[in-house]
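Engineer: Just a sequence and a predicted model for now, questions to come.
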There are 8 protein chains.
Amino acid sequence: MLLFEKDTSILFTGDSVTDAGRAHPVGENGIPGMANSLGDGYVNLIDTFLNVYYPELALQVRNTGISGNSSRDLIARWQQDVIDLAPDYLVVMIGINDLWRRFDSPGVRNWHVLEEEYAQNLRKMIAVSRDNVKEMIFLTPYFIEPNTVDAMRAMTDNYRAICKKVCAEAGVRCIDLQQAFDDYLQYRHPCYIMWDRVHPGRIGSMIIARTFLKEMGFDRPVI
Amino acid sequence: MLLFEKDTSILFTGDSVTDAGRAHPVGENGIPGMANSLGDGYVNLIDTFLNVYYPELALQVRNTGISGNSSRDLIARWQQDVIDLAPDYLVVMIGINDLWRRFDSPGVRNWHVLEEEYAQNLRKMIAVSRDNVKEMIFLTPYFIEPNTVDAMRAMTDNYRAICKKVCAEAGVRCIDLQQAFDDYLQYRHPCYIMWDRVHPGRIGSMIIARTFLKEMGFDRPVI
Amino acid sequence: MLLFEKDTSILFTGDSVTDAGRAHPVGENGIPGMANSLGDGYVNLIDTFLNVYYPELALQVRNTGISGNSSRDLIARWQQDVIDLAPDYLVVMIGINDLWRRFDSPGVRNWHVLEEEYAQNLRKMIAVSRDNVKEMIFLTPYFIEPNTVDAMRAMTDNYRAICKKVCAEAGVRCIDLQQAFDDYLQYRHPCYIMWDRVHPGRIGSMIIARTFLKEMGFDRPVI
Amino acid sequence: MLLFEKDTSILFTGDSVTDAGRAHPVGENGIPGMANSLGDGYVNLIDTFLNVYYPELALQVRNTGISGNSSRDLIARWQQDVIDLAPDYLVVMIGINDLWRRFDSPGVRNWHVLEEEYAQNLRKMIAVSRDNVKEMIFLTPYFIEPNTVDAMRAMTDNYRAICKKVCAEAGVRCIDLQQAFDDYLQYRHPCYIMWDRVHPGRIGSMIIARTFLKEMGFDRPVI
Amino acid sequence: MLLFEKDTSILFTGDSVTDAGRAHPVGENGIPGMANSLGDGYVNLIDTFLNVYYPELALQVRNTGISGNSSRDLIARWQQDVIDLAPDYLVVMIGINDLWRRFDSPGVRNWHVLEEEYAQNLRKMIAVSRDNVKEMIFLTPYFIEPNTVDAMRAMTDNYRAICKKVCAEAGVRCIDLQQAFDDYLQYRHPCYIMWDRVHPGRIGSMIIARTFLKEMGFDRPVI
Amino acid sequence: MLLFEKDTSILFTGDSVTDAGRAHPVGENGIPGMANSLGDGYVNLIDTFLNVYYPELALQVRNTGISGNSSRDLIARWQQDVIDLAPDYLVVMIGINDLWRRFDSPGVRNWHVLEEEYAQNLRKMIAVSRDNVKEMIFLTPYFIEPNTVDAMRAMTDNYRAICKKVCAEAGVRCIDLQQAFDDYLQYRHPCYIMWDRVHPGRIGSMIIARTFLKEMGFDRPVI
Amino acid sequence: MLLFEKDTSILFTGDSVTDAGRAHPVGENGIPGMANSLGDGYVNLIDTFLNVYYPELALQVRNTGISGNSSRDLIARWQQDVIDLAPDYLVVMIGINDLWRRFDSPGVRNWHVLEEEYAQNLRKMIAVSRDNVKEMIFLTPYFIEPNTVDAMRAMTDNYRAICKKVCAEAGVRCIDLQQAFDDYLQYRHPCYIMWDRVHPGRIGSMIIARTFLKEMGFDRPVI
Amino acid sequence: MLLFEKDTSILFTGDSVTDAGRAHPVGENGIPGMANSLGDGYVNLIDTFLNVYYPELALQVRNTGISGNSSRDLIARWQQDVIDLAPDYLVVMIGINDLWRRFDSPGVRNWHVLEEEYAQNLRKMIAVSRDNVKEMIFLTPYFIEPNTVDAMRAMTDNYRAICKKVCAEAGVRCIDLQQAFDDYLQYRHPCYIMWDRVHPGRIGSMIIARTFLKEMGFDRPVI
């Protein structure tokens, strides 16, 4: 049974995977002028599924992801982009930029968010927001790279483990997205999804949306 | 069981509902540069479903819809945009512009395609192409208007009936999209889907994709 | 006899129907650089009629409509966009966005302005401004949809009734625009005026201008 | 009684006064996409009046004016922009650029169209087209300058006289626009209409539309 | 003998005739990047003459004209755009917009600067700045219209007379530009200089530059 | 006494010094729309001087310079850009790009036009056109560099000498521009005129215009 | 000792790695206007090294790479982009797009260039051009992926082997670029060079330039 | 042996030669999105050399040059663009605009930074920053003009001497760039490097990078 009750609101926040070109200051699933302000990624797809298959719920979906954000950046705007919006449900996907910069910008150390700070940032988000929402849900970072000895895949696995551990300790739901991508990579090379192996494109967005909705109790036949 | 066999190609053609901002001269589901050249409508969604749930088939999906086209316009470019591409499967959605101009441009009579010509155009398409493809499939025009006494809804129903009749006479599969929209309009006002009640947006594209894929034998669990 | 005396000023304010692409911060009927800063809608047309047929009056016409505004938005800018401009005559058309969002954005409840608040907002406008102008005039919202059982038409009728009732109670003139549109829809389908059935385009702007000017006592032969 | 019968077409052609930003290759009064392809001048206004007050006629209005055209330029494109369109009624306004260049570009003699050539060009247009339309109508050039000893006003008067004389000889209707402008200039300075005293803007377009429609037998109350 | 001594600075200010597309915040005759920041009008031409024929003086020329300014607007920015720049010589041309708006925007009375206020504004400029510069020089407004009974020409003559009278009373030099234009209009129609009869274009800029430099004692052979 | 008779035409052609942003296909001194189609260089300045000081002549001035052209490029378009325009007077400035490429593009030998070919190209221009115009006039290339041992200045001197020699042999007038620049460089560094020491800017354009007009017999007082 | 003699020309052609934003139709190392027409990749870097360290050779360097090209595309334009330019030395890098499309566009089989065709295409290039140049040199495709069991790396290794084999059979020099990248990847993750692991960016361009110049006998100290 | 230790940061600041189109507010050698934020000049080239040949050092390189800056401008932003960034190594190139304006903008005396102020500005930079960095290094201004009697070359030599003298007095390392350019100008004309003889382009950037890196102890073979 679907987790979300009628007339509740769901806020998604995070980095470019969530952002996906959303409107500013806040992406909304309302349609004045018919432009879709939720962006062109997994949030849009989730909202479409919810509206087509559960139209009677009239859920409010919002998006405050910002491209390039690390967990440090997200903490800095947590008040205005999460708390002030007072969502019923809060979904957070953050972390890939914390570690990606260590590989693509090794010299710019002030852009790196190390493991310890990453864990602290997640803990702060939970401490501040868990009690003000019906439920808070984390989506782990992932890397579209099946080679587990790749240095960046290995480090993503570490951050992913941190995310799951912090959530487990706090009793917060955490959805692991890596397995869903690994399953798909049995059939296609990572460059089919996206050349940079991070942004999900339309294929990866469907994978994320499906994984999320299944966990949320989506229970109506799609096709 | 899904109709499409491994390594076959599917061509969608029609008007703006199919076009949806596709690349020119031909929208492809290949990804050089990662831009999605299939546009942002139901063709894209169908291709995403096929790639995520049937990755082993490696289907080729193409799109040659052009915004504003009537059946008369489509006939005029049938050679280069359909025949020359030699698809295995051919899907056609055409007709709404044939009649819409009668309502929004009553004075420009040379833009109107009347019922008789519409039927003839469909028959020509079938005559030329049916034997050169594994299967040819029509999608009926639809109008996102539940009021059946609305003059344009009534005329859409006429053209829709013509489309079904011509297909039936020729033994060509025809999928009626109107019912799927009517079902949804029990829950939402037409302006939720699109202010102009013609373009499907993301909600209507999901409705079209679902209806099409169900008819095509899509048989894997989505969520 | 025309209501407006020589050298008086008329301010129009409201939503996109009034805005119509006017200049900012204030649309004026002066012409430095020859661009028409009143926008391309009914305000422009009214000003043109007044200038061509009553050139000796030298009326000042201004426009502070803003696209997308609800009555709530208009209240928020009433001081700077109405009071500070100190017009002799004040014309207000507001309300369609108050209710439209309930249909095209059902999930975004904070965008909805319900009936009660709509009435209150109108009362506030009247309370603050009626005594500071020679006359305050309301134009009702309208919906270019002849089917009175359409849910949005029905709700527009409700808001329209509220507008008329609030004005009647306060002794403020209120011009009902719906009838003029209904008359015209006997001859043409709504999509001839505008696909979205809300924005008036050039046809609807002429209908609004005519209705307004007739009520204002326009008494010179046009053609 | 209005000259134009139900379902007939009217073509306007000429220079920038007619053009007014129309769509190419042909401005139409049909509305796919809702942009007004007739431009923003007197043709648009005439079409609006006809549609609002005579909706049952469903007249087709077209515009092939091109900015900067002299009668020599218009002759050069007469085949494709007039004859090929086969209008029922043909309205031509041409001549101001024939003489304007003599004042603003005195050195560029190849841009000047002298009186004799102007007369010949008009005669050619009449000879070729009069018998192929229900009626051909000329609108004289005008100059928004009340000072009749101004050199350019005087020359405009000459060309205007030529236009009327050629039409009279051929038995073609010719509408003199200068008087309507002169009437209005009793109340306002020319720069109120347009700084350059040639382009009509919204005020002058209303003056032209009114003059034309009165001559055409427009017989319904406007306001 | 030229008025300006070596290494002195000259500031020009006023409306669009002076502005002519100058750089902001201040137009300078220095050339980093080689773009001419003085605009494309008479100031540029004066500076070019001074640099080509008096290169040893190394005069600093600046421009703070702003398009559309009336004398009221100029007073409002006098501190930052005149006083703060501390020029040795100050040249002011202002007034045409004070009166032009009375003709092209009759309804917008708050844009009109009447004769009395115009005189007061000029007096304020003189009172504040005359003693802080080596010399202050006014250029009168002009109208490129030889017909002295034209209403706007007549009013320009009034404002011109005010400018000369205020200067005469204060003992400030005032250069009358109207005569130079009238001389030229014996040979060409006003539209040869500029369609709007106000902006000087390249021909009028040369006329202004010549008149100004002659008065300033330019004494070297040009050609 | 000025060389040019009433109602004659003068054509300037060459490279970027002549081009200066002119209109295409041909720069004219006519002003439909008021944009100056002669570009922003010496041709514009010459035309302005002629129009302000000899308005009664109504000379036609045209410009077909193209940026980057060498004498080889100019020969290739001589028919359409010179002969077809049938000027009364023809003025040519060409050559700097013939040699500049030898310094800024030493490896691209096919861009170099050596001395011998330069001479031949000039001879061809003369042979074809001298007898079809009232007079043909060459302006030598120049380099805004006072250091005569600079390698590019020295080579410019060579090409300049060739230009003068070819003209002398053919009895064609040739105006040497280098001296005028050298005179000015006694007062200012080359970078004051233009950083690249080739394009003349507003200062160099005045120098060229003055030198040309003096040679043409300009005999009216400028200031 | 450097392979290239004084005054010879070198042509680089291939795909986006070579293209790098070069000018069209041909990238040149000449500098009219100072824009670098060789693009921003390894060709530019090689040309800079040659010009700074061997200025006396005045080598002509050209670039006709086109982004997205496969060996099939390159064959199709070989005549105009290679043969017609008649270079002394010819350098070709092609092949990555032949195989990349097999991974990122599995459904678009007509974009795939299989191993056999790749070999044939290379053989054609050699057959046509080897005898018309001083020397023809191939650069192998490479993939910035150290994991040799990655499917695309493995296939790149196959195409690379084909390239070397075809060259060896024909006695044409072939420079293997993969080893240089593999060496560097010991220190940095592939995403440091480029997220897509194909385009070389500034780091990879230096690696390619160094490898090429070493093989060409570059023998002067750089730093 | 290279001066810079592992994990240290180097900041370059100055004028357009350093800026070269860098990102704002600070150019970094990190690569989110893969755009090179260091600009396209010598800083980029130095960073590329350091990353390709000393990848194990992971140096942080930053750029805060701003086009058009004089030493006066640089002092004004020293706090935020140098001190706040707390670099380990600081490299400054400044001065050419201090003197260039004296030649290209002789009249704008407030843009000139004379010798004495230049010296003072350098002393201030040293006094404030020397003790807060591991080492501070100056690069002298240069002029790409081999003619030492050219007035601007002579003045550049003066400023260069001042830069060296101030550094010598303070015991700060100063690298003279002029000699490296003079060496190269034996082979090529200044316009080969850049038409304006100031900006270094790709050739001059390589010359600067080489000179700097040699002085810094770069000790690995490049090719």
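Structural biologist: Looks like it came in fine.
Engineer: Just the pLDDT for A:P32.
Structural biologist: We have a pLDDT of 59 for A:P32.
Engineer: got the end-to-end distance for stretch A:172-186?
Structural biologist: Start and end residues of stretch A:172-186 are separated by 30 Å (C-alpha to C-alpha, to the nearest Å).
Engineer: separation between A:L11 and chain F?
Structural biologist: The gap separating A:L11 from chain F is 53 Å, by C-beta to the nearest C-beta, to the nearest Å. Backbone N, C-alpha and C define where each C-beta goes, glycine included.
Engineer: again with A:W195
Structural biologist: 36 Å.
Engineer: Enumerate every residue touching that residue.
Structural biologist: B:M34, G:D104, G:W195, G:D196, G:R197, G:V198 (C-beta atoms under 8 Å, 6 or more residues apart in numbering or on different chains).
Engineer: out of these, which are buried?
Structural biologist: For the contacts of A:W195, a burial check counting by 16 or more other C-beta atoms under 10 Å in any protein chain shown picks out G:D104, G:W195, G:D196, G:R197, G:V198.
Engineer: May I have the phi/psi pair for the fourth one?
Structural biologist: So the one you mean is G:R197. The phi/psi pair for G:R197 (degrees, to the nearest 10) reads phi 70, psi 10.
Engineer: picking that back up, okay if I get the buried ones among the contacts of A:W195 as JSON lines plus secondary structure and pLDDT?
Structural biologist: Output for the buried ones among the contacts of A:W195, formatted as JSON lines (DSSP: H, G, I helix; E, B strand; the rest coil; pLDDT from 0 to 100):
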{"residue": "G:D104", "secondary structure": "helix", "pLDDT": "94"}
{"residue": "G:W195", "secondary structure": "coil", "pLDDT": "91"}
{"residue": "G:D196", "secondary structure": "coil", "pLDDT": "93"}
{"residue": "G:R197", "secondary structure": "coil", "pLDDT": "96"}
{"residue": "G:V198", "secondary structure": "coil", "pLDDT": "96"}
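Engineer: from those, which is closest to F:Q120?
Structural biologist: Of all these, F:Q120 sits closest to G:V198, with 50.1 Å by C-beta to C-beta.
Engineer: Was I right to think the closest one contacts G:I96?
Structural biologist: Yes: counting by C-beta atoms under 8 Å, G:V198 does reach G:I96; the two are 6.0 Å apart.
Engineer: shared neighbours of the two, anything?
Structural biologist: G:V17, G:F143.
Engineer: ok, A:Y53 touching A:V222?
Structural biologist: Yes: in this structure, A:Y53 is within contact of A:V222 by C-beta under 8 Å, at 7.0 Å.
Engineer: so where's chain A shaky on pLDDT?
Structural biologist: For chain A, the stretches with pLDDT under 70 are A:32-35.
Engineer: can you map out the strands along it?
Structural biologist: A:9-14, A:27-28, A:60-63, A:89-93, A:135-139, A:173-175 (DSSP state E).
Engineer: just so I know, which of these lies nearest C:W100?
Structural biologist: Comparing the strands of chain A by C-beta to C-beta, strand A:27-28 comes nearest, at 14.5 Å.
Engineer: who in chain A is up against chain H?
Structural biologist: Residues of chain A lying near chain H by C-beta under 8 Å from any C-beta of the partner chain: A:G68, A:N97, A:W100, A:R101, A:D104, A:S105, A:P106, A:G107, A:V108, A:R109, A:W111.
Engineer: Quick one: the helices in chain A, in order.
Structural biologist: Under the criterion DSSP state H, chain A contains helices at A:16-19, A:42-53, A:71-76, A:78-81, A:96-104, A:115-129, A:151-170, A:178-184, A:190-193, A:201-215.
Engineer: and the fifth one, what other elements does it pack with?
Structural biologist: So that's helix A:96-104. helix A:71-76, helix A:115-129, helix A:151-170, helix G:190-193 (3 or more C-beta pairs under 8 Å, 6 or more residues apart in numbering or on different chains; DSSP states H and E).
Engineer: ok and the residue in chain A nearest chain H?
Structural biologist: Nearest residue of chain A to chain H: A:S105, at 2.7 Å (C-beta to the nearest C-beta).
Engineer: which non-adjacent residue is nearest that residue?
Structural biologist: Nearest residue to A:S105, sequence neighbours excluded (C-beta to C-beta, 6 or more residues apart in numbering or on different chains): H:G30, at 2.7 Å.
Engineer: And for A:F143?
Structural biologist: A:T156 (4.0 Å).
Engineer: give me the number of residues near the one you found?
Structural biologist: Neighbour count for A:T156, taken as other C-beta atoms under 10 Å in any protein chain shown: 24.
Engineer: so who does it touch?
Structural biologist: A:I96, A:L99, A:P141, A:Y142, A:F143, A:E145, A:Q178.
Engineer: Next, give me the two most distant ones among these.
Structural biologist: Maximum pairwise distance in these, criterion C-beta to C-beta, is 13.5 Å, between A:L99 and A:Q178.
Engineer: Of those two, which one has the most company?
Structural biologist: Between A:L99 and A:Q178, counted using other C-beta under 10 Å, A:L99 has the larger neighbour count: 22 against 17.
Engineer: Spatially nearest residue to the more buried one, not counting backbone neighbours?
Structural biologist: Closest residue to A:L99 apart from its sequence neighbours, by C-beta to C-beta, 6+ apart: A:M155 at 5.0 Å.
Engineer: isn't that neighbour right up against A:W100?
Structural biologist: No: counting by C-beta under 8 Å, A:M155 stays clear of A:W100, with 9.1 Å between them.
Engineer: From chain B, how far off is A:Y192?
Structural biologist: Separation of A:Y192 from chain B (C-beta to the nearest C-beta): 7 Å.
Engineer: wait, isn't that residue in contact with A:I203?
Structural biologist: Yes: using C-beta under 8 Å, A:Y192 is in contact with A:I203, at 7.1 Å.
Engineer: re earlier: the residue nearest to A:S105: how many residues sit nearby?
Structural biologist: Residues within reach of H:G30, counting by other C-beta under 10 Å, total 22.
Engineer: for the residue of chain A found nearest chain E, phi and psi?
Structural biologist: Closest contact between chain A and chain E, by C-beta to the nearest C-beta, is at A:H24 (28.4 Å). Per-residue torsions, A:H24: phi -120, psi 150 (degrees, to the nearest 10).
Engineer: on that earlier part again, mind putting the contacts of A:W195 into a markdown table with distance to A:V172?
Structural biologist: Converted to a markdown table, those look like this (distance: C-beta to C-beta, whole Å):
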| residue | distance to A:V172 |
| --- | --- |
| B:M34 | 34 |
| G:D104 | 37 |
| G:W195 | 31 |
| G:D196 | 35 |
| G:R197 | 35 |
| G:V198 | 39 |
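Engineer: Go through those and say which is closest to chain F.
Structural biologist: Nearest to chain F, judged by C-beta to the nearest C-beta, of the contacts of A:W195 is G:V198 at 29.8 Å.
Engineer: list the contacts for that closest one?
Structural biologist: The contact partners of G:V198, taken as C-beta under 8 Å, 6+ apart, are A:W195, G:V17, G:I96, G:W100, G:F143, G:I144.
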